[in-house]
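build the 3D model from these lines:
(4 chains)
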There are 2 protein chains.
Amino acid sequence: MGRWQPDAQGRFVRAALELFAEHGFEATTVAEIAARAGLTERTFFRYYTDKREVLFDGQDMFADALVSGIREAPADAAPVDAVAAALVSVGELFPPERHAFARTRQRAIEANPALGERELGKLAASAAAMAQALRDRGVAEPTASLAAELGMVALRVAFARWTAGDGERTLTELMTEALAELRATAA
Amino acid sequence: MGRWQPDAQGRFVRAALELFAEHGFEATTVAEIAARAGLTERTFFRYYTDKREVLFDGQDMFADALVSGIREAPADAAPVDAVAAALVSVGELFPPERHAFARTRQRAIEANPALGERELGKLAASAAAMAQALRDRGVAEPTASLAAELGMVALRVAFARWTAGDGERTLTELMTEALAELRATAA
DNA sequence: GTCTATAGTGCGATAGAC
DNA sequence: GTCTATCGCACTATAGAC
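Model prediction:
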């Protein structure tokens, strides 16, 4: 047992989440997060480019799931249906066990505008990745980008409902429902 | 020393835009912006809570136009049509004379992720204001929020096209077109 | 690991407008 | 005189350079 306890990133994330819940994002210093994680400030910035980024650790999986969901959709599926498949693929990343964590994290993000902005940026990047995956299937612009944007709206709305609720309904269910509502509103 | 020269904010905005175009957002210090504007760093932070905010000066008009566009839409208009009216109302804020400025500003924002995040945050706030205006007309949830989100997607896409182009087509035109494309994609 | 530039804040002083 | 925009100074925390 050396001087390295395992799972440095996991400890940073948990420490940050606890402290943000206790004192708020701005009132929490990186030094405090590092201390609680049993690491140094310098190490924190080795893993994360800035203080906000610690709440977005491992979010690549998010965009990856969207992209592979689109890739694996039937070749003859319409763009919006491929997007619907992508949402299902993301839903599988968030089984009921992750509900409590997601809820705490979402509370922290909603409590602070700076974190909200970062989240919007990440989601916009995911939408861009989805649009690219659609173009790779032969979907032309502007349809590819617009279908991806529709998917992101549904995803955001569904995620907010999922984390606001008690977890009875699955995220996948809520996403499919949100997309249907969105299409009805547009019609 | 013109300590009392008029239009402090306008000078800050122009100075910032010039410097961001010349050296980029991150390589520009607030001290440099203040110096070019003939003011001090401390005064900059009297007007803006942070460095990014200078590029979003006077953007309340944006959300205000959306809200009043919805208020002034015919009482029997469907939610999406009220949103379409809101977009027209915003389009009127951006006559051809503003194209060059909008283009320069958009270039700066697109060149820096931090500025992009801030823009997304502002647009999300505008969408929330639109949704509230729709609820005030008696539109129920989730339709109000979803219609507002549809409008924001159209607005973003249209604005990107407008600032990417040469200004031949009006922003209003592009917005109406983008909303129609979006509805077609959803159908 | 250490050092430093810069963002951003609090408080108080000052210079002008009225 | 009052009111308010601007400025000066001291300070902390972030983030990057060395």
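
let me see the domain layout of chain A.
Domain ranges of chain A: A:8-54, A:58-186, per automatic domain parsing.

is chain B within reach of the shortest one?
If I follow you right, that is domain A:8-54. No - using CB under 8 Å from any CB of the partner chain, domain A:8-54 stays clear of chain B, coming no nearer than 9.4 Å. For every residue, glycine as well, the C-beta is placed using N, CA and C.

that domain: end-to-end distance?
12 Å (CA to CA, to the nearest Å).

the last one too?
The first and last residues of domain A:58-186 sit 33 Å apart, counting by CA to CA.

that one and chain B, are they touching?
Yes - residues of domain A:58-186 contacting chain B under CB under 8 Å from any CB: A:79-80, A:113, A:116-118, A:120-121, A:124, A:142-143, A:145-147, A:149-150, A:153, A:157, A:178, A:181-183, A:185-186.

and that domain, how far out from the chain middle?
The chain centre lies 8 Å from the centre of domain A:58-186; the measure is CA atoms, centre = their mean, to the nearest Å.

just the mean pLDDT for it, thanks.
In this model, domain A:58-186 has an average pLDDT of 97.

before we move on, what about stretch A:19-35?
Taken as a whole, stretch A:19-35 has a mean pLDDT of 97.

about what we covered before: tell me the most buried of the domains of chain A?
Comparing the domains of chain A by mean neighbour count (mean count of other CB atoms under 10 Å in any protein chain shown), domain A:58-186 ranks first with a mean of 18.

of the domains of chain A, which is nearest DNA strand D?
domain A:8-54 (3.3 Å; CB to the nearest atom of the strand).

still on that earlier bit, for B:Met130, find the nearest of the domains of chain A.
domain A:58-186 (13.0 Å; CB to CB).

was I right to think A:Val90 contacts A:Val67?
No - between A:Val90 and A:Val67 there is no contact under CB atoms under 8 Å: 10.3 Å.

now do the end-to-end distance for stretch A:52-61.
Distance across stretch A:52-61, first residue to last, is 18 Å (CA to CA).

which element is the residue of chain A found nearest DNA strand C on?
Distances between chain A and DNA strand C by CB to the nearest atom of the strand are smallest at A:Arg42, namely 4.5 Å. Using DSSP states H and E, A:Arg42 sits in helix A:41-47.

just the residues contacting that helix, thanks.
Outside helix A:41-47, the residues within contact range by CB atoms under 8 Å, 6 or more residues apart in numbering or on different chains are A:Ala8, A:Gln9, A:Phe12, A:Val30, A:Ala31, A:Ile33, A:Ala34, A:Ala37, A:Val54, A:Asp57.

excluding chain neighbours, what is closest to the last one?
Take A:Asp57 and drop its neighbours on the chain: the residue closest to it by CB to CB, 6 or more residues apart in numbering or on different chains is A:Val13, 5.3 Å away.

next up, phi/psi of the one you found, please.
phi -60, psi -50 (degrees, to the nearest 10).

enumerate the residues of chain A near DNA strand D.
Proximity of chain A to DNA strand D is confined to A:Thr28, A:Thr29, A:Val30, A:Ala31, A:Glu41, A:Arg42, A:Phe45, A:Thr49, A:Asp50, A:Lys51, A:Arg52 under the rule CB under 7 Å from any atom of the strand.

the fifth one and A:Tyr48, how far apart?
Spatial separation of A:Glu41 from A:Tyr48 under the definition CB to CB, to the nearest Å is 11 Å.

tell me the helix or strand right after the longest helix along chain A.
In chain A, ranked by residue count with DSSP state H as the criterion, the top helix is helix A:113-136. Where DSSP H and E defines the elements, the next helix or strand beyond helix A:113-136 is helix A:143-164.
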